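1. kindly return the folded structure for what I paste below:
(one chain, ligands or ions: 1)
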Amino acid sequence: MNAGPANGALLTLSGVEVTINTLSGPVHPLQGVDLEVFPGETVGLVGESGCGKSMTLRSILRLMPPGGAITGGAVEWQDRSVLDLDTDELQTYRGSDVAMIYQNPVTALDPMLSVERQIVDAFKANREVLDGAPEEFAREALRDLEFGNPDAILKRYPHQLSGGMAQRVNIALALACGPSLILADEPTTGLDMTTQVRVLDLLEQQVSARNAALLFISHDLRAVARVARNIGIMYAGRVVEFGPRERILTEPSHPYARALLDCVDLRAGERPRSIPGLVPRMTEVYQFCAFRDRCAYRMAVCDEEPLPVHDLGGRRRLLCHLGPDHD
Ligand code: SF4
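-> The predicted structure follows:
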């Protein structure tokens with residue numbers, strides 16, 4: 001794949017591998033993630049729990065869990081290696097270049113600080129964008145997130161907010177330093193359906209209004225399809241298919257992508273079904289296709305050769321021995 005600034009990408013992940021040393025042995029949640037995010041675009045990553053979605057976001061921010069390390073590949077922000085940033089550079093990168101919206105909106109906020117204090121502190125962390133009182137910026141940030149009475153919300157503490165309100169505050173915080181890329185880790189999990197739709201719409205509007213890029217991960221294909229123009233399908237620590245939303249939702253090539261789509265009938269709104277077979281154990285490093293025990297198309301080559309990478313142009317990429325053109 002192309003790497004670095006030559007292709008104009010904001011963010012490029014090339015063959016990223018992560019290993020976590022646990023008491024019961026090493027775990028390998030990322031086994032060669034390739035991904036690009038371009039300025040102003042929305043990208044979604046979808047897959048079952050444990051496929052490596054959250055760890056991909058962690059690797060972008062170099063936020064490893066205890067015992068965890070990036071053990072292979074490259075993470076590049078424009079023309080710089082994220083893995084080589086020093087402590088000060090890393091602090092600027094986290095927040096000013098790339099900001100994160102976490103899954104649990106209430107615990108993502110500091111319980112000891114008022115909403116006003118948290119947003120003001122985030123603005124102060126990036127003084128270059130300040131052109132007035134930070135308190136007014138905080139008020140404006142909440143108005144952008146459709147809080148009708150921002151002054152009342154600014155005085156509250158996280159435990160005094162509903163889940164939907166807390167997630168809107170988190171979005172305001174993530175946007176506060178004007179990042180070029182927002183990472184969103186299952187930001188609507190745990191919210192009721194109406195609130196989910198509202199939060200997703202606001203997130204999409206605000207990211208678009210600032211011409212920022214969004215990398216959104218979820219196990220919910222419907223949520224990803226709502227906000228992302230390009231979608232990657234993750235399985236066992238790799239992005240096994242990537243392409244434009246319309247293509248992925250109507251003509252996916254990878255058998256796992258097809259199975260995932262079959263699980264959720266996006267038109268009829270049916271209850272999700274499950275994919276037969278077991279999710280692979282990430283204690284193993286998969287030399288061959290990790291989906292082969294669940295795949296109806298499995299061939300001899302799938303057990304004998306490493307996965308080929310088909311670069312199909314138009315942002316399409318596929319990792320499967322079947323290739324793109326099969327029934
Ligand atoms: Fe199925 Fe083989 Fe493709 Fe894996 S590589 S998804 S086993 S056809």
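2. switch to C-alpha atoms for all contacts and neighbour counts from now on
-> Noted.
3. what residues of stretch 188-201 count as buried?
-> 188, 189, 191, 195, 196, 199, 200 (16 or more other C-alpha atoms under 10 Å).
4. likewise for stretch 90-99?
-> 90, 93, 94, 95, 96, 97, 98, 99.
5. in the stretch 151-300 of the chain, what residue lies closest to the ligand?
-> The nearest approach of the stretch 151-300 of the chain to the ligand comes at residue 292, 3.6 Å away (C-alpha to the nearest ligand atom).
6. so who does that residue touch?
-> 298, 302, 303 (C-alpha atoms under 8 Å, 6 or more residues apart in numbering).
7. from those, which are also near the ligand?
-> Among the contacts of residue 292, proximity to the ligand is found for 298, 302 (C-alpha under 6 Å from any ligand atom).
8. buried subset of the contacts of residue 292 as a PyMOL selection?
-> To isolate the buried subset of those in PyMOL, counting by 16+ other C-alpha under 10 Å, use the following:
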select buried, resi 298+302
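9. least confident pick among the buried residues of stretch 90-99?
-> Among the buried residues of stretch 90-99, residue 95 has the lowest pLDDT, at 83.
10. isn't that residue up against residue 173?
-> No: the criterion here is C-alpha atoms under 8 Å, and residue 95 misses it with residue 173 at 9.3 Å.
11. any stretches of the stretch 51-200 of the chain with poor pLDDT?
-> 126-132 (pLDDT under 70).
12. secondary structure class for residue 165?
-> Assigned by DSSP: H, G, I helix; E, B strand; the rest coil, the conformation of residue 165 is helix.
13. how much space between it and residue 259?
-> From residue 165 across to residue 259, the span is 35 Å (C-alpha to C-alpha, to the nearest Å).
14. look up phi and psi at the closest residue to residue 157 other than its chain neighbours.
-> In space, and not counting its chain neighbours, residue 157 is closest to residue 114: 4.5 Å by C-alpha to C-alpha, 6 or more residues apart in numbering. With angles defined as degrees, to the nearest 10, residue 114 sits at phi -70, psi 160.
15. which residues in the stretch 201-327 of the chain form helices?
-> Applying DSSP state H, counting those that start in this stretch to the stretch 201-327 of the chain gives helices spanning 221-227, 245-250, 255-263.
16. with mean pLDDT as new columns, can those helices be given to me in JSON lines?
-> Listed next are the helices of the stretch 201-327 of the chain as JSON lines, based on pLDDT from 0 to 100:
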{"stretch": "helix 221-227", "mean pLDDT": "90"}
{"stretch": "helix 245-250", "mean pLDDT": "94"}
{"stretch": "helix 255-263", "mean pLDDT": "90"}
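17. got JSON lines for those helices, with distance to residue 148 and mean neighbour count too?
-> Output for the helices of the stretch 201-327 of the chain, formatted as JSON lines (distance: least, C-alpha to C-alpha, whole Å; neighbours: other C-alpha atoms under 10 Å):
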{"stretch": "helix 221-227", "distance to residue 148": "24", "mean neighbour count": "20"}
{"stretch": "helix 245-250", "distance to residue 148": "34", "mean neighbour count": "16"}
{"stretch": "helix 255-263", "distance to residue 148": "38", "mean neighbour count": "19"}
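18. and for the nearest residue to residue 48 once chain neighbours are set aside, the neighbour number?
-> Closest residue to residue 48 apart from its sequence neighbours, by C-alpha to C-alpha, 6+ apart: residue 219 at 5.6 Å. Residue 219 has 19 neighbouring residues, counting by other C-alpha atoms under 10 Å.
19. show me what contacts residue 219?
-> Applying C-alpha under 8 Å, 6+ apart to residue 219 gives the contacts 46, 47, 48, 49, 186.
20. could you do residue 287 as well?
-> residue 306.
21. now residue 193
-> Per C-alpha under 8 Å, 6+ apart, neighbours of residue 193: none.
22. how about it, phi and psi?
-> Dihedral angles for residue 193 - degrees, to the nearest 10 - are phi -60, psi -40.
23. which of the buried residues of stretch 90-99 come close to the ligand?
-> Okay, of these, nothing touches the ligand (C-alpha under 6 Å from any ligand atom).
24. any chance of TSV for those, columns secondary structure?
-> TSV is the format used below for these (three-state DSSP):
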residue	secondary structure
90	helix
93	helix
94	helix
95	helix
96	helix
97	helix
98	strand
99	strand
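25. distance from the chain centre to stretch 241-249, please.
-> 16 Å (C-alpha atoms, centre = their mean, to the nearest Å).
26. quick check: residues of this protein near the ligand?
-> Going by C-alpha under 6 Å from any ligand atom, the residues of the chain near the ligand are 254-255, 289, 291-292, 295, 297-299, 302, 320-322.
27. mind doing that once more with 8 Å?
-> The chain has residues 254-256, 288-299, 301-303, 307, 319-323 near the ligand, with proximity defined as C-alpha under 8 Å from any ligand atom.
28. got a quick PyMOL command for the buried subset of those residues?
-> With 16+ other C-alpha under 10 Å as the criterion, this PyMOL line picks the buried residues out of the residues of the chain next to the ligand:
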select buried, resi 254+255+256+289+290+291+292+294+295+298+302+307+319+320+321+322
